[in-house]
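Trainee: need a structure here:
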Amino acid sequence: MLNSIASRPQTLAVVDGWPVNVADANEAVSAIVQTAVRSESFAVFTLNLDHLDKLRRSPRFREAYAKARFITADGAPIARLATRQGARVERTPGSDLIIPLALAAAEQGIPIFLYGTTHDVLQSAGETLSRLTGHKLRIAGAEAPPHGFDPEGAEADAALDRIAASGAGLCLVALGAPKQELLAARAVERNIPVGFVCIGAGLDFLAGTQIRAPGFMQQLGLEWFWRLATNPRRLTMRYARCAMVLAEITLLAPIKGLLARPRA
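Mentor: Residues are numbered from 1 along each chain as shown. Prediction:
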């Protein structure tokens, strides 16, 4: 099997020191399916401002990101920052990949595994994916980890072994950051021959247990506002840190660069 890092696609843009190497959802689905057909071990991450904040503060998260094969721009700010560098990059969150991936996996005969969230959500999302693919999609298994799950511990290794033994070619990981990325990176480190796609709340959206922002808000890059308005207690501090990261990248970093230039 190919080494995940050596076979990374060419970097399209670098945001706060981290690469984006997948242009859009179509390119992501094509690359993921082509790689899964070869039974390679790989991980798919979706870079957003929350990730940038965590990457600045967590060495474990940075190590996990270094193991990702494919990295999309999740969030309008990341896509805009990439576009400013001349890259043709569109916003591609993990939740937008679920249905196209399911359709492509069904067409190619690639079994998928659903991991994360809750048993009820997994059942509902699995039934929806099966229906949307004309019952052609093979779901090799579904598993919700217990509360307090350690994505790098013995319990995680046992789960990865079960996923590998299921015959799945792709695993949709819905644990939220950083747990889902840490688990996916652990799978790559162990060379589990499955593609691990981190999708956040994607299965909850599919099951209807969480309501996603209306389409026009997504198109305007305001999905964060919808999520903050519907869950302020949990997300206020997260988005405050995200705003600080964005301000530093777009305002403070250029000013520091100008001040650091030698005077003529």
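Trainee: Tell me the confidence at residue 253?
Mentor: pLDDT recorded at residue 253 is 60.
Trainee: Correction: the previous question concerned residue 3.
Mentor: pLDDT, read off for residue 3, is 50.
Trainee: cool, and residue 237?
Mentor: 89.
Trainee: sec struct for it, please.
Mentor: helix (DSSP: H, G, I helix; E, B strand; the rest coil).
Trainee: tally of neighbours for it?
Mentor: 9 (other Cβ atoms under 10 Å). (Glycine included, C-beta is placed from N, CA and C.)
Trainee: any idea how far it lies from residue 53?
Mentor: Residue 237 sits at a distance of 10 Å from residue 53 (criterion: Cβ to Cβ, to the nearest Å).
Trainee: would you list every one of the strands in this structure?
Mentor: 13-15, 18-20, 42-47, 70-73, 112-116, 139-143, 170-174, 195-198 (DSSP state E).
Trainee: need those strands in CSV with mean neighbour count, can you?
Mentor: As requested, these are exported to CSV (neighbours: other Cβ atoms under 10 Å):
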stretch, mean neighbour count
strand 13-15, 20
strand 18-20, 21
strand 42-47, 28
strand 70-73, 27
strand 112-116, 27
strand 139-143, 19
strand 170-174, 29
strand 195-198, 30
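Trainee: could I get the ones you listed as JSON lines with distance to residue 155 and mean pLDDT?
Mentor: What follows is the strands of the chain, written out as JSON lines (distance: least, Cβ to Cβ, whole Å; pLDDT from 0 to 100):
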{"stretch": "strand 13-15", "distance to residue 155": "33", "mean pLDDT": "97"}
{"stretch": "strand 18-20", "distance to residue 155": "29", "mean pLDDT": "97"}
{"stretch": "strand 42-47", "distance to residue 155": "19", "mean pLDDT": "98"}
{"stretch": "strand 70-73", "distance to residue 155": "26", "mean pLDDT": "98"}
{"stretch": "strand 112-116", "distance to residue 155": "12", "mean pLDDT": "98"}
{"stretch": "strand 139-143", "distance to residue 155": "11", "mean pLDDT": "98"}
{"stretch": "strand 170-174", "distance to residue 155": "15", "mean pLDDT": "98"}
{"stretch": "strand 195-198", "distance to residue 155": "16", "mean pLDDT": "98"}
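Trainee: For residue 222, find the nearest of those strands.
Mentor: strand 70-73 (16.3 Å; Cβ to Cβ).
Trainee: The stretch 151-264 of the chain: helices as residue ranges?
Mentor: 154-165, 179-189, 202-207, 215-219, 223-230, 232-247, 253-260 (DSSP state H, counting those that start in this stretch).
Trainee: show me the contacts for the nearest residue to residue 16 once chain neighbours are set aside.
Mentor: Sequence neighbours aside, residue 52 is the residue nearest to residue 16 in space, at 5.0 Å (criterion: Cβ to Cβ, 6 or more residues apart in numbering). Counting by Cβ atoms under 8 Å, 6 or more residues apart in numbering, residue 52 touches 15-16, 18, 242, 245, 249.
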